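K.L.:
Attaching a predicted model along with its sequence, questions to come.
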Amino acid sequence: MIKNPEKLNEIIGQDTKKILLWLQNPRKKALLIHGPTGVGKTAAAYALAKEKDYEILELNSSHFRKKDQIRNIVGEASQQQSLFGRKKLILIDEVDGISGRHDFGGLAELNKIIDSTKNKIILTSNEIFDSKFNALRKKCELVEFTPVDYLEIFELLKNICEKEKVKFDEKKLKNIARKNNGDVRASLLDLATSIVNGKIIEYGDEREYTRKIEDVLKLVFKSKDVNLLLNVFSSVDEDLDEILLWLDENLDKEYSNNELSNAYEMLSRADVFKGRIMKRQYYRFLVYQSALMGVGVGLSKNKKKEGHVSYKRSSRILKMWIAKNRNAKRKTIAQKLAGKVHASTYKVYKDFDNYVKFLKDKKVASEIELDDDEIKYAEGF
Amino acid sequence: MKDSSIWTEKLRPRKFEDIIGQEAIVRRIKAFVENKNLPHLLLAGPPGVGKSTISLVIARELFGENWKENFLELNASDDRGIDVVRNTIKDFARTKSIGNVPFKIILLDESDSLTRDAQQALRRTMEQYSGTCRFILSCNYSSKILDPIQSRCTIFRFKSLENDSINKIIDKVSREEKLKVDDKAREALIYISSGDARRLENVMQSCSMINNKITEELVYEIVSAARPKEIKEILEFAVSGKFTNAKEKLLEVMLKHGLSGLDIVKQIQSEIWNLKISDERKIELVDKCGEIEFRMVEGSDEFLQLEALIANFMKNDKKS
């Protein structure tokens, strides 16, 4: 009764336009869709293939993905046009499942294939910040899928019920949608298992995996119970630095004004301890970092804010990484310019706005020997 | 030599007579050059007032055609380690000069960014090779130069160029580059240059890319992309309680301009005084700013520290 989406725009809650643009862009061979479980990454690949009539070749983590295996399966497919004239789309699912040990050499091979492929490749992954994906990230167009707002999931569930003539009450559907924290697949699964004889009954037990970090955040943001707050982070499977990013990203959804500035004071001091841990490798400071983040942030509020807030993963690190890459050009230009104008690279880099306008002058560009990429960067400024 | 297409280089004075402003300093240095003798020099002062220019003129006038063989320019903030002092500088300093002047010149630009160790190493080098090599150190803050080095140099303090000098430079640039600058535009140029000839010429060249007639609007359009305005916007968001906007803008500014957290903190600090809040609150915030700058050095996440700082701007202003 639940169909997979057949068109990209049937994927709910995600910006799929970028995927279409990518498909038309001959310069980027690979697309990396990243985001949490069950939000439509794989579904998007299949929907795209269906909509644009591509033949899809999938390699997922159930396959062994050592170097040779990847080369045999994907490598060949990436070079050949398909029979019957249909174009091929290669889907490499769950890239983060490529194991460093058991699939030794797999990632490196993947990078090679992306460089030489004639067919388009879509990769999906939950996590792409790990340094082992550095090379891969650079080669791919990146699209982020985020947890879907529960109201959108609710609408989807409602439509299905109406189509299938299932009796439902909105509250129960909303509960299913909300309980799954933006995971569409899990919500659909819950819907399917809770329909008995054309009616919705109770749904299954809550899943534990995605809830964890959100639960912890909720506790910190909503509770003032020191006993609860003190050990709040020991139950999650994220490290403290990751949680710090989560807190930072979502703090302003829960707190405002003085509460917010008190809470940030706590995070700021927690970060100082984090820095000291890194510098001195003295891990006992974790106690302080954790206390400031939990109890400190928790007690910064006067009273809890009512209502549901859906928390987001921080995308700041990724954005900074992308910007750093982009600004690499700025640095190389500054280096070339600095020698000419009797100033340091750092100074030119900082005053870049003042120089960049006349870098568009071809004479200037050729005098300091800018390459094509650098000229393009300057022109786009 | 072919003229550079970058105006600051093309129009950089080649003779003492061409230098605009800094008359007293020029007069004394010219006397050194005429006697073919030169002490080690320490030129201190803000950017864009002629420190490098004077150094280059010294070399040209002393060595004539051979000036490039006898002159080494190093930018200390790019090559500031001790290795540079021990290798590049020493190698150049200990070999003999070409021509009839008995010494060579090393210009160490932005020498206040030399590390302490490098300065220590330099101190010996300056003495050992003073027979064959003279140093010109230029810096923004002479206090960052170790005392023993200062004591080996004759110090000249450059001041920001006065409006009169800036006016003369505007005349010169517009004559050479065939620009029209009306009175209002001239005022604008004086204002935005704040006594810095490099900045002035860069802005004028930027303007000329758009139009040879420079107007007040054009000048402000060119520099409007500059950051203080954006920093101000961030702080205004924060002061009016719109933290989320402030935070997003902050990230955008940092990413777009590739600025570090410390760069931003410095700008915030100077922007505080322009906010519409009570003076007592201003000094509180400046204190907070300093604390955050300190934590940035200790901590690990610059952006988080900045967020903590701007969150502090939302606290109630008790006095207003």
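P.N.:
Done, it's in.
K.L.:
count of neighbours near the residue in the stretch 101-250 of chain A positioned nearest to chain B?
P.N.:
Going by C-beta to the nearest C-beta, chain B is nearest to residue A:248 of the stretch 101-250 of chain A, at 5.5 Å. No exception for glycine: its C-beta is placed from N, CA and C like everyone else's. As a burial measure, residue A:248 scores 23 neighbours (other C-beta atoms under 10 Å in any protein chain shown).
K.L.:
I figured it was touching residue A:270, is that so?
P.N.:
No - using C-beta atoms under 8 Å, residue A:248 is not in contact with residue A:270; the gap is 10.0 Å.
K.L.:
what about the lowest-mean-pLDDT helix or strand in chain B and chain A, any contact?
P.N.:
Least confident helix or strand of chain B, by mean pLDDT, DSSP states H and E, is helix B:82-84 with a mean of 76. No - applying C-beta under 8 Å from any C-beta of the partner chain, one finds helix B:82-84 separated from chain A by no less than 13.2 Å.
K.L.:
Mind giving me the packing neighbours of the next helix or strand after that helix?
P.N.:
Note on helix B:82-84: by DSSP states H and E, the next helix or strand toward the C-terminus is helix B:90-94. With contacts defined as 3 or more C-beta pairs under 8 Å, 6 or more residues apart in numbering or on different chains; DSSP states H and E, helix B:90-94 has these neighbours: strand B:104-109, helix B:116-128, strand B:133-139.
K.L.:
contacting residues around residue A:274?
P.N.:
Neighbouring residues of residue A:274 by C-beta atoms under 8 Å, 6 or more residues apart in numbering or on different chains: A:240, A:241, A:244, A:285, A:289, B:299, B:300, B:301.
K.L.:
The fourth one: how many residues sit nearby?
P.N.:
Residues lying near residue A:285 (other C-beta under 10 Å) number 18.
K.L.:
show me what contacts it?
P.N.:
For residue A:285, counting by C-beta under 8 Å, 6+ apart, the contacting residues are A:273, A:274, A:276, A:277.
K.L.:
Tabulate the CA atom coordinates of stretch A:237-250 in PDB.
P.N.:
The C-alpha trace of stretch A:237-250 is given here as PDB (Å, rounded to 0.1, in the frame of the first residue of the first chain):
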ATOM      1  CA  ASP A 237      26.300   7.700  22.000                       C
ATOM      2  CA  GLU A 238      27.700  11.100  20.800                       C
ATOM      3  CA  ASP A 239      30.900  12.500  22.100                       C
ATOM      4  CA  LEU A 240      30.800  15.700  24.100                       C
ATOM      5  CA  ASP A 241      32.200  17.900  21.400                       C
ATOM      6  CA  GLU A 242      29.500  16.800  19.000                       C
ATOM      7  CA  ILE A 243      26.900  17.500  21.700                       C
ATOM      8  CA  LEU A 244      28.400  21.000  22.200                       C
ATOM      9  CA  LEU A 245      27.700  21.600  18.500                       C
ATOM     10  CA  TRP A 246      24.100  20.400  18.900                       C
ATOM     11  CA  LEU A 247      23.500  22.600  21.900                       C
ATOM     12  CA  ASP A 248      25.000  25.600  20.100                       C
ATOM     13  CA  GLU A 249      22.900  25.000  17.000                       C
ATOM     14  CA  ASN A 250      19.600  24.700  18.900                       C
END
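K.L.:
May I have the phi/psi pair for the residue nearest the centre of chain B?
P.N.:
Per C-alpha atoms, centre = their mean, the C-alpha nearest to the average position across chain B is that of residue B:47, at 3.0 Å. When read as degrees, to the nearest 10, the backbone of residue B:47 gives phi -70, psi 150.
K.L.:
Just the pLDDT for the residue lying closest to it once chain neighbours are set aside.
P.N.:
Nearest non-adjacent residue to residue B:47, counting by C-beta to C-beta, 6 or more residues apart in numbering or on different chains: residue B:196, 5.7 Å away. According to the prediction, residue B:196 has pLDDT 92.
K.L.:
Residue B:196: neighbouring residues, count only.
P.N.:
Residue B:196: 19 surrounding residues under other C-beta under 10 Å.
K.L.:
roughly how far out does the helix or strand hosting residue B:255 sit from the chain middle?
P.N.:
Secondary-structure assignment from DSSP H and E places residue B:255 in helix B:243-257. Helix B:243-257 sits 26 Å away from the centroid of its parent chain (C-alpha atoms, centre = their mean, to the nearest Å).
K.L.:
Do a quick rundown of the strands in the chain.
P.N.:
This is for chain A. Taking DSSP state E as the criterion, chain A carries its strands at A:30-34, A:54-59, A:87-92, A:120-125, A:140-144, A:195-196, A:199-200.
K.L.:
that's the other chain; I wanted chain B
P.N.:
So, for chain B - with DSSP E - the strands run B:41-44, B:71-75, B:104-109, B:133-139, B:154-157, B:180-181, B:213-214.
K.L.:
Right, I'll leave it there.
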